[in-house]
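*Asks:* Attaching a predicted model along with its sequence, questions to come.
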Number of protein chains: 4
Amino acid sequence: MKNSQAIILIHCPDQPGLVAAVTDFINVNGGNIINLEQHVDKQENQFFMRIEWDLSNFVIPRDKIEDYFETLYAKKYNLTFSLYFNDYKPKMAVFVSKMSHCLFDILARYTAGEWKVEIPLIISNHEDLRWVAEKFGIKYYVLKINSTNKEEIEAEQKHLLEENQIDFIVLARYMQILSDQFIINYPDKIINIHHSFLPAFVGARPYHAAYERGVKLIGATSHYVTAELDAGPIIEQDITRITHRDSVQDLVRKGRDLEKIVLSRAIESHINRRVLVYKNKTILFS
Amino acid sequence: MKNSQAIILIHCPDQPGLVAAVTDFINVNGGNIINLEQHVDKQENQFFMRIEWDLSNFVIPRDKIEDYFETLYAKKYNLTFSLYFNDYKPKMAVFVSKMSHCLFDILARYTAGEWKVEIPLIISNHEDLRWVAEKFGIKYYVLKINSTNKEEIEAEQKHLLEENQIDFIVLARYMQILSDQFIINYPDKIINIHHSFLPAFVGARPYHAAYERGVKLIGATSHYVTAELDAGPIIEQDITRITHRDSVQDLVRKGRDLEKIVLSRAIESHINRRVLVYKNKTILFS
Amino acid sequence: MKNSQAIILIHCPDQPGLVAAVTDFINVNGGNIINLEQHVDKQENQFFMRIEWDLSNFVIPRDKIEDYFETLYAKKYNLTFSLYFNDYKPKMAVFVSKMSHCLFDILARYTAGEWKVEIPLIISNHEDLRWVAEKFGIKYYVLKINSTNKEEIEAEQKHLLEENQIDFIVLARYMQILSDQFIINYPDKIINIHHSFLPAFVGARPYHAAYERGVKLIGATSHYVTAELDAGPIIEQDITRITHRDSVQDLVRKGRDLEKIVLSRAIESHINRRVLVYKNKTILFS
Amino acid sequence: MKNSQAIILIHCPDQPGLVAAVTDFINVNGGNIINLEQHVDKQENQFFMRIEWDLSNFVIPRDKIEDYFETLYAKKYNLTFSLYFNDYKPKMAVFVSKMSHCLFDILARYTAGEWKVEIPLIISNHEDLRWVAEKFGIKYYVLKINSTNKEEIEAEQKHLLEENQIDFIVLARYMQILSDQFIINYPDKIINIHHSFLPAFVGARPYHAAYERGVKLIGATSHYVTAELDAGPIIEQDITRITHRDSVQDLVRKGRDLEKIVLSRAIESHINRRVLVYKNKTILFS
């Protein structure tokens, strides 16, 4: 089995000596750095770093690392950090509606063991994809949401998520707008796929809008959900070429491949702790 | 030398027998079809076709073809068409401001003989690129435009264009908004390059806007200019990948390559009579 | 329900009047042309065409169309053609080995009804993917092939294919080389996915070879299988960018998405009768 | 004006404490790190790093940095390094033959001031592009090379390069094979553009070979020249989509845009000291 590793994501005002200080902390305590990537945003004067190190000979016990790091560095450098361990499998909930392509792509990777993640449940507002969930032996809850029962249904959703100790949520073409009160519970923890090259074609029916505008490329965008619709931090985007011969239905068909790949890449980056959100933008460590 | 060829672009309401009728007209009169591409827009119920044929043994004299076609088909099928001959070199004017990359790309192709086109003049609102024009021996006119003299300067521009029998205009990062009265004289004959993936980031400073939004791809769009800003029929678009490490200046730098290639592809399609505009969208024959 | 449509794929030596003759045949007999795409290969002097027409008012009975077309055109123009009907669902067999990603992608599309195809059976040389087949309720046959029993096993495979009236075969990372005797029975009817940008990295372990060579892009190629390994007519190719940071395992991981998308696009083109093979190359109608 | 900066490229066997040691060296001596990127090749167990730092308050004089670094680190860590200063403009020679597109692209960027480089001379085996060199006011030498005078001509080339203190050479579609004796003088200092997706279509006439094979994408590859033809370390590659409609001439035309962009990106990476060669592969710092 692979050794236990720790991953730390850091950001703070840029200042001399940061890299040396943090790498020294790991080295002198017996950690072996496996990956280090840093970035300085000169416009914002902010420093960002992701470090992954082997814990085999690390002298600080894993449950004390956070405390030590907080004490030694966080205050001194006005530094914000998140600490993860590679042997913890985050728990992910999938929200779906009627379309199966993103869900199938997620479950195929999941069952093939490509991702270090658990998927305890799928939540939907329709029965349509129950058969898919059943194929893969995953609990499927239908909570029919409408304009009058949103608050109540979202409370039920939240209850299910808590009961299953969910770490993050994937909206795999869920087609419902979450309330601000719901979103606020999961900051940078709800990943959506929008079927356009954002910020073009925000909102409903982007393929119809793309067709009307006569664009020569269509896109898909995966982003964290924030209170403002389709305006959260972008994790991943991609496009595919279309022509005048493509009808709206052709865009929908070609777009499906884009959507599922872009969403799965974003999920993978999130699972591997490669995404750091700062001021509505993402640092995507490679 | 290559034989003379005629190119006809057609559109009309879709109806049975169109392809057979038009190809028959060319065949029975001794024309040899070199290329034929048709397209039916089912939503609009419109038929589009581009045919290119060799005139070597064509029995109708070239100056009569338009008349014959009009008489025999245009009324019968409620058909709109444009006729071109491959041995006529269209005359193109280039409007520039201060940036040289698109202009260099155009002139490099022009002087290397890649395009069947004449470039009699370059018009600018600044002296900055006179040296480039002089390198390539092309007339360079500076007409300093501002908020108070627009009407007058555009009249001068129009005079120059007419004097030089210009067929179409390329705005190679011209950075000025043309008046509706000017645009109306050149329908589907002014090609612009906008440095974003339209319809995202319409208007000024799109790279700054892209940077602010945190997109993962930047784009460039070449389109025909219409009265509404950055909203004309799109001819060509492309994108390139960026990361959080790219500053606005990096976007500008990476964008330059996109802009010049996308603009030159659009110009090439226009020169080769491969673009047909219908309802603010383009049919781009291959 | 959609009306019945016929699709004809044609090739013959280029000669004047071909388009007019064939479109006239359809028109005068009451067929409504829905799509027509033609191509002339000037180097080979060959003419290619794909026509799709509505049969609702077509006066020739569908079981006589082939005969009429043969009599009226095939001999006259030295023309080769294939006739298909859109209401017949071709039967496809999938051959797999141990990797699930292509199979999942195929079955997800199949069960979502994206493709007009039947998949009566999956054949493998390993038990590994039986669970996937069972999830989707498709028969799964394990025929363990090795260096000594190839002839015998291929005879069993052939028997199964015939019993299930299979029209074409998809090798979804099958990892076995088919014998010439087997291939000869399915000309342009076996679709393979090779995990490189052919003709680079023919044969085994292309990701290892790509890693060793230090390429900056990796690719996948879907092609029809011919007697020469990895040298058949290419249907579809695509690439993705890699960097020096990617290990062989990263190439394998990134390559999976490429492989499944490229293979599925090729299958879709085949199902929709958009592929015409001529001299070891494909004409891919759009 | 921008402050002076130093750039150091390092590689050595991987070992704990490297990042901390080197960043500490810069920090304690008053340098401000602007960029740091490291990479560990686990298969080779090699460590690679690029650091860029501001020299404004650096206490070690710039002409002593190399010596100090050698003494303090190189032996201790068995470390190989190259030191550069951002205010030195490297001198680049361009070798051309008859095609102008890459040369124009290089000179357009050069004269627009996009690159921190000097181009003292262009060397060719033909007179064809003298007019381009003259447009840009750059010395143009014609040295007609053939099978019998290679040694002698290469000696003349070498003399010219030395006289002009050339740091690196760009083969902008030079179309001649350099001798091993010539190449050996410029290790990792001769950048070539090959008009295929290497390792596919090594050698002469790759577009013809790509056409014959029926590929669906064509590529271009920029690499350092080594003794083995088209087999040196790859710096940059890209591709563009083609179809069955493209003739060899179309591939040549579409390929030109690829070639010039790929070559210019490689030159830019080289000028900015972002390329480190190790075992016939490149580490490309971002």
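*Replies:* It's in. Nothing here was measured: the structure is a model prediction, and the numbers come from that model.
*Asks:* quick one: residue A:256 and residue A:101 touch, right?
*Replies:* Yes - here residue A:256 lies in contact with residue A:101, judged by Cβ atoms under 8 Å, at a distance of 4.5 Å. From N, CA and C alone the C-beta is placed, and that goes for glycine too.
*Asks:* Domain ranges for chain A, per the record?
*Replies:* Split into domains by automatic domain parsing, chain A comes to A:5-85, A:91-284.
*Asks:* and of the ones you listed, who's closest to chain B?
*Replies:* Closest of these to chain B is domain A:91-284, at 3.3 Å (criterion: Cβ to the nearest Cβ).
*Asks:* so how far is the closest one from its chain's centroid?
*Replies:* Taking the mean of its C-alpha atoms, domain A:91-284 sits 10 Å from the chain's own mean (Cα atoms, centre = their mean, to the nearest Å).
*Asks:* do that domain and chain C meet?
*Replies:* Yes - Domain A:91-284 is in contact with chain C by Cβ under 8 Å from any Cβ of the partner chain, via A:100-101, A:104-105, A:108-109, A:111-112, A:114, A:135-136, A:243, A:245, A:253, A:256-257, A:261, A:264.
*Asks:* among those residues, which ones are buried?
*Replies:* Neighbour-count burial (16 or more other Cβ atoms under 10 Å in any protein chain shown) is assigned, among the residues of domain A:91-284 next to chain C, to A:100-101, A:104-105, A:108-109, A:111, A:114, A:135-136, A:256-257, A:261, A:264.
*Asks:* ok, so of those residues, who is nearest residue C:284?
*Replies:* residue A:257 (17.1 Å; Cβ to Cβ).
*Asks:* wait, what's in contact with the closest one?
*Replies:* Contacts for residue A:257 (Cβ atoms under 8 Å, 6 or more residues apart in numbering or on different chains) come out as A:101, A:240, C:261, C:264.
*Asks:* Please confirm that it is located within a helix.
*Replies:* Yes - under DSSP: H, G, I helix; E, B strand; the rest coil, residue A:257 falls within a helix.
*Asks:* need the helices for the stretch 51-200 of chain A, in chain order.
*Replies:* A:62-69, A:75-77, A:101-111, A:130-135, A:150-163, A:180-183 (DSSP state H, counting those that start in this stretch).
*Asks:* Out of those, which is the most enclosed?
*Replies:* Neighbour counts (mean count of other Cβ atoms under 10 Å in any protein chain shown) averaged over each of the helices of the stretch 51-200 of chain A peak at helix A:101-111, with a mean of 23.
*Asks:* which helices and strands sit right next to that helix?
*Replies:* When contacts are defined as 3 or more Cβ pairs under 8 Å, 6 or more residues apart in numbering or on different chains; DSSP states H and E, helix A:101-111 packs onto strand A:91-96, strand A:118-124, helix A:130-135, helix A:248-271, helix C:101-111.
*Asks:* To residue D:278, which of the ones you listed lies closest?
*Replies:* Ranking the helices and strands packed on helix A:101-111 by proximity to residue D:278 (Cβ to Cβ) places helix A:248-271 first, at 27.5 Å.
*Asks:* angle of the closest one against helix C:248-271?
*Replies:* On the basis of axes from the mean of the first three to the mean of the last three Cα atoms, to 10 degrees, helix A:248-271 is oriented at 170 degrees to helix C:248-271.
*Asks:* Okay, buried residues for helix A:248-271 please.
*Replies:* A:251-252, A:254-271.
*Asks:* if we can go back for a sec, using CSV, lay out the contacts of residue A:257 together with pLDDT and distance to residue B:173.
*Replies:* Converted to CSV, the contacts of residue A:257 look like this (pLDDT from 0 to 100; distance: Cβ to Cβ, whole Å):
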residue, pLDDT, distance to residue B:173
A:101, 97, 40
A:240, 97, 27
C:261, 98, 36
C:264, 98, 40
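*Asks:* And the residue nearest to residue A:269 when sequence neighbours are not counted, its phi and psi?
*Replies:* Excluding its sequence neighbours, the residue lying closest to residue A:269 (Cβ to Cβ, 6 or more residues apart in numbering or on different chains) is residue A:275, at 5.2 Å. Geometry field for residue A:275 lists phi and psi as phi -110, psi 130, criterion degrees, to the nearest 10.
*Asks:* Report the beta-bridge partners for residue A:275.
*Replies:* With DSSP bridges as the criterion, residue A:275 is bridged to residue A:284.
*Asks:* Count the neighbours of it for me.
*Replies:* Residue A:275 is flanked by 21 other residues according to other Cβ atoms under 10 Å in any protein chain shown.
*Asks:* so which helix or strand takes in residue A:11?
*Replies:* strand A:5-13 (DSSP states H and E).
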